[in-house]
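# this one's sequence-less:
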């Protein structure tokens, strides 16, 4: 690893100031569970690391019925996994966190750091997309808020400018009659996912679909929301046939990259299986 | 890793040939090209900056044209090294040009790209997709210039 | 340029000057000289370097030393109380929870972290709780049994006192 | 068994407390005053000539103490365990004029710290001329393929061919009701011990050197290092601290050991060379990929009459222990069956990849996968139960393989029967719900090899037992504890023989200056060989003690004596005896103050070409296959193992479980992937080892105890052999579950889906044709 300078700002304001000063020469470290590996490989050589791991200002989980949940970016995966508020209002989020990487990673790694690294197989983004989450970004010119699905740009690249940080994840309250499911495919349990799928359905009183969300990981350079597949369900009663139709459309949207573990066709095929399974599971929660 | 592409441009074969063997002309089509030094008629050095995810690679590369059969076929061998020493790239590429009609030419190239060092091991999947992206970009640039 | 770091290690206060790029495992092994935690992969994948920070398991190869400013770090060396072994250690001995022993310090600390949070884990929960620790010798079976056994011992000890 | 005090008991290991407290010292934990960091520069090319190495800039870097290259600073000696067969020795510590795989060490530096050392490596300029390379053994054998090694014995990159044959194979095939031929491919995996390769060398001057290193074979390292450095063997001291796993990957002299030594000699300072995990992959060893063809002739009743096996191994750039893997793969192909007519041809082929070597099973995992898969195919063809066909063709005690092996004890029948009974085989086989299946695999394995590649006149194992005045016992053994529990087994054997408590035994091991020579830990040899040496040493001690006891008790006839529970007594009159310590004291006095010392050794005699004894076992796995994703889940695994007399039950069970899970990874997830010789997954992030949540929740170990006359207390191998049947066993269970057979390892979910697709297509086609 190359030498770098180090600073641990005490506030968000101070963090932005440092970033504005150093720009491209600075890199943020939170839990560093991915970043340190990259630094050790000398694939990146920042002049200064800006450590926000202990930035308590961004370490919180709150909930109210009107605005839903707010999770500070430096909240650890473990805190999300075990939060009574998360368990009560978004059990699927806790469930996902419970199987994210290893206990060690969850204990030290942060939810914000995970999103910012933008590993295309990441677990967190699809479920947040399904939950209609938004992210709050803070920069020298104030705040901006984006839907989760607009946060990622490419492999390991997000919309964040050099002087911006991801500050908060906002998840609206879940509408009544909503079912949400997420699961991922791995060859080795307790290992990183190959592909995964999150599906959320909200039903009208008459049982027709008021809203659907489908998002996958490992199927494109970024977490993939698939509106065309979602559209299949709108206003209709969800049936197996409809699910099959959506799955096919979802498959069309996927651009899987082959790697040493699996081919692109295989990944797509399994991702489709997971979309189907999660759709059925989500539906089963409300029927 | 083998990268193969076949595409057509609206230009005569000879024009295509003249273009691709001239580093001064083809160089700027390479995405991220920062600098090009022509050493002799068959040899040129380039500095190419590529962003691979969060990795910024600056490749210092020497390319030698090893086979020339105008205006149909050429072969180049390139060796590049990243300034941060994250890896090296050895590429052998053959380009075949087929005139389809007076103003349409089919270009196919096949590149055997060998990446060594950390770039190869860390970024297998990223490198693959990046290579594809860069290749698409290159073709787009090339077409644009040739069809101008 | 080195920076000053204050933290506690197995209950003792430390003030050390470290280079920013020093990882926690390098600080513990190379600077302070405790060699219990091991480096197996240096990539956060094998768990041999597992230590506790504020009671929770982390891969000390994947944490910068400066990040534990003000935190409490525990290594396997802090597990026994003098000569009295921790129930986890006793159980690993009785149930064959180790072979080459290289992953053992990390396994024990991952197990401690698990039991800190869940004193009565099921076999399933133990398996899940060890997913970050590789063992090439035992096939995990005996490690899982050892931890289950340790939990029972601790319950019993707790009940007696 | 009740007559024993400590043998066969689940006993705490003697290295336990230090291992659970973090006190146990491994080579990586050693820090000497003034110690320098050594690092190696490795080849980025799979095959290239070295035209020039410029080290000037590196030498000038402040903090650099030495830079070495092969031609300039080493003797260039080709060394390996093959001293008896010099034509197989093909590797040097640092490349001399050519590199043959990506990762091959080319130069090395010693510097004050890791940063300086790495910087120095980057300043070494190596000029290469790239040569054509070849990566597949079948390609490498073609005329015109790049020549990887010159040399009179190498033809078409084949470095070694093995052939054995008995019976009359061609005639036998003619008499068979059926003959079938199947081909298989076995992939490459790595040892993945958790402790990386590392060494600390301290040159003491005058030709004396101490090397601490992580090794399975301290004596091999001593003798080969002497060869590589041009020093006297006896002046080199190898210390093997605790070792974090080996599995066959640490039984050779490696570059780090030589390089650390040379750097220490050059600088006069201790030097530590530690490989990163990535280097362990790129500059390490692996298990052999193999192309395997099996032709088997059999009768309607299921009897196997003849077999012909042909295999081509991808040996990588150097021989390493490959020729033995090749030999043993052909040998274990017969186990545990009675094959009356057998022919084997194996070819060890060089490729431009990392060398392949011994790895747990030593050629056996590849052999048993093909053998077990094919036996199930035969059973299906005949409509037989796969367990029945195995029973029908099994070896019997006393089995002789002409010219190769004599099998004394053999519990394979009991193993198969007990595994069947314990798993409910008959109720389950072919009757489980769709997507679930059960499969069997069987194996036999060696208990140490009779091979003496190293060409040493020393006995295979030596032992010395010293009894102290207070009855405590110091045991000196040269064998290598690498996690398998062999030191504890040694202590148990001595405790049992002398009748002293385990807590009074001190095992002194892992130091070639104090311990007798021993061939080390490979081929499952330690319990049997060291055990026998220890028994001989203990018998010498007891002889002296019994004499003293007899003198003290003064019986007027010659009685047999025994030692047990801290007493020495007359065997037939246990109440007549003396305290062990009392006898020891008297014996020392009687011998004018000489400490009581017993020496023992063991070298196998008259035991055929392979091993003094063979273990056996049967393995049953129950799997569930997700037919939409192809994922395999192991529900239940049962192994019945015949290891003769169990010495340490906990140890045996732990070894069996570990072996199974390693086999599980081999079958389902592990795969060393290379592209043009470049390893694409040299990390524990990308190389997929099984993790705790993956292992079967239900694992049953059944001990089938036989008595092996050649083994100490009747003991033989445990823990290596069980690596062998897993792949076949799991493949057979998958077939039972979903009716597809994968013959191309590893068995990935993707391959399963593809096979299911093909099966479906075929069924549709068949339907159309009907």
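Looks like it came in fine. All values derive from a computational prediction rather than experimental measurement.
# hey, where'd the strands end up in the stretch 101-250 of chain A?
Read by DSSP state E, counting those that start in this stretch, the stretch 101-250 of chain A holds these strands, from start to end of the chain: A:134-139, A:142-147, A:152-154, A:157-158, A:165-171, A:178-185, A:195-203, A:209-217, A:224-225.
# Using a markdown table, lay out those strands together with distance to residue D:571, mean neighbour count and mean pLDDT.
To be clear about C-beta, it is placed using only N, CA and C from the backbone, and glycine gets the same treatment. Output for those, formatted as a markdown table (distance: least, Cβ to Cβ, whole Å; neighbours: other Cβ atoms under 10 Å in any protein chain shown; pLDDT from 0 to 100):
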| stretch | distance to residue D:571 | mean neighbour count | mean pLDDT |
| --- | --- | --- | --- |
| strand A:134-139 | 83 | 20 | 98 |
| strand A:142-147 | 87 | 12 | 97 |
| strand A:152-154 | 80 | 19 | 92 |
| strand A:157-158 | 81 | 19 | 92 |
| strand A:165-171 | 79 | 23 | 98 |
| strand A:178-185 | 66 | 23 | 97 |
| strand A:195-203 | 70 | 27 | 98 |
| strand A:209-217 | 72 | 25 | 98 |
| strand A:224-225 | 80 | 24 | 98 |
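# so which of those gets nearest chain D?
strand A:178-185 (6.0 Å; Cβ to the nearest Cβ).
# Partner strands of that closest one, with direction?
Based on DSSP bridges, the strands next to strand A:178-185 in the sheet, each with its direction, are strand A:195-203 (antiparallel).
# quick one, the strand it pairs with and strand A:209-217 angle?
What separates the directions of strand A:195-203 and strand A:209-217 is an angle of 170 degrees, with axes from the mean of the first three to the mean of the last three Cα atoms, to 10 degrees.
# any idea how far strand A:195-203 is from the chain center?
13 Å (Cα atoms, centre = their mean, to the nearest Å).
# repeat for stretch C:51-70
In terms of Cα atoms, centre = their mean, the centre of stretch C:51-70 is found 11 Å from the chain centre.
# right, is it up against chain B?
No - under the criterion of Cβ under 8 Å from any Cβ of the partner chain, stretch C:51-70 makes no contact with chain B; the nearest approach is 15.6 Å.
# Output the below-cut-off pLDDT ranges for chain B.
For chain B, the stretches with pLDDT under 70 are B:121-125.
# should've said chain C
Using pLDDT under 70, chain C drops low at C:159-161.
# Same check on the stretch 1-150 of chain A?
Where the stretch 1-150 of chain A is concerned, nothing drops into low confidence, which here means pLDDT under 70.
# who are the neighbours in contact with the residue in the stretch 351-500 of chain D positioned nearest to chain B?
The minimum distance from the stretch 351-500 of chain D to chain B, using Cβ to the nearest Cβ, falls at residue D:352 (12.5 Å). With contact taken as Cβ atoms under 8 Å, 6 or more residues apart in numbering or on different chains, residue D:352 is in contact with D:46-47, D:100-102, D:133-135, D:146, D:148, D:317, D:677.
# How about the longest helix anywhere in chain C and chain A, any contact?
Longest helix of chain C, by residue count under DSSP state H: helix C:141-160. No - legend: contact between helix C:141-160 and chain A by Cβ under 8 Å from any Cβ is lacking; minimum distance shown is 12.9 Å.
# buried set for that helix?
For helix C:141-160, the buried set under the neighbour-count rule, 16 or more other Cβ atoms under 10 Å in any protein chain shown, comprises C:141-151, C:153-154.
# quick one: the helices in chain B?
Remark: helices of chain B, listed N- to C-terminal, are B:13-20, B:23-26, B:118-122, B:124-147; assignment by DSSP H.
# Any idea which of these gets closest to residue C:49?
Of all these, helix B:118-122 sits nearest to residue C:49, with 20.5 Å by Cβ to Cβ.
# Next to chain D, which bits of chain B? Give me the list.
Chain B has residues B:1, B:85, B:88, B:90, B:114-117, B:120-121, B:124 near chain D, with proximity defined as Cβ under 8 Å from any Cβ.
# Of these, which is the nearest to chain D?
residue B:116 (4.3 Å).
# for that closest one, what are its contacts?
For residue B:116, the contacting residues are B:87-90, D:44-45, D:102, D:678, taking Cβ under 8 Å, 6+ apart as the criterion.
# Swap in 10 Å and give it another go.
B:81, B:87-90, D:43-46, D:102, D:676-678 (Cβ atoms under 10 Å, 6 or more residues apart in numbering or on different chains).
# same check, this time on residue D:312
Under the criterion of Cβ under 10 Å, 6+ apart, the neighbours of residue D:312 are D:136-138, D:140-141, D:158, D:288-293, D:326, D:345-349.
# In helices only, show me these.
In helices, defined here by DSSP H, the members of the contacts of residue D:312 are D:137-138, D:140, D:326.
# In CSV, list the strands of the stretch 101-250 of chain A along with distance to residue A:1.
Output for those, formatted as CSV (distance: least, Cβ to Cβ, whole Å):
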stretch, distance to residue A:1
strand A:134-139, 28
strand A:142-147, 33
strand A:152-154, 25
strand A:157-158, 22
strand A:165-171, 23
strand A:178-185, 31
strand A:195-203, 31
strand A:209-217, 29
strand A:224-225, 33
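# which residues does residue C:52 bridge with?
Beta-bridge partners recorded for residue C:52 (DSSP bridges): residue C:57, residue C:74.
# burial of it, as a residue count?
Close neighbours of residue C:52, defined as other Cβ atoms under 10 Å in any protein chain shown, add up to 24.
# before we move on, the earlier item: please identify which of the residues of chain B next to chain D is nearest to residue A:230.
Out of the residues of chain B next to chain D, the one with the shortest distance to residue A:230 is residue B:124. That distance is 32.1 Å, counting by Cβ to Cβ.
# Chain D contacts on chain A?
Where proximity means Cβ under 10 Å from any Cβ of the partner chain, the interface of chain A facing chain D comprises A:1-3, A:37, A:40-42, A:99, A:102, A:185-192, A:194-195, A:259-263, A:265-267, A:269-270, A:272-274, A:276-277.
# Quick check: the gap between residue D:639 and residue D:411.
Look at residue D:639 and residue D:411: by Cβ to Cβ, to the nearest Å, they are 13 Å apart.
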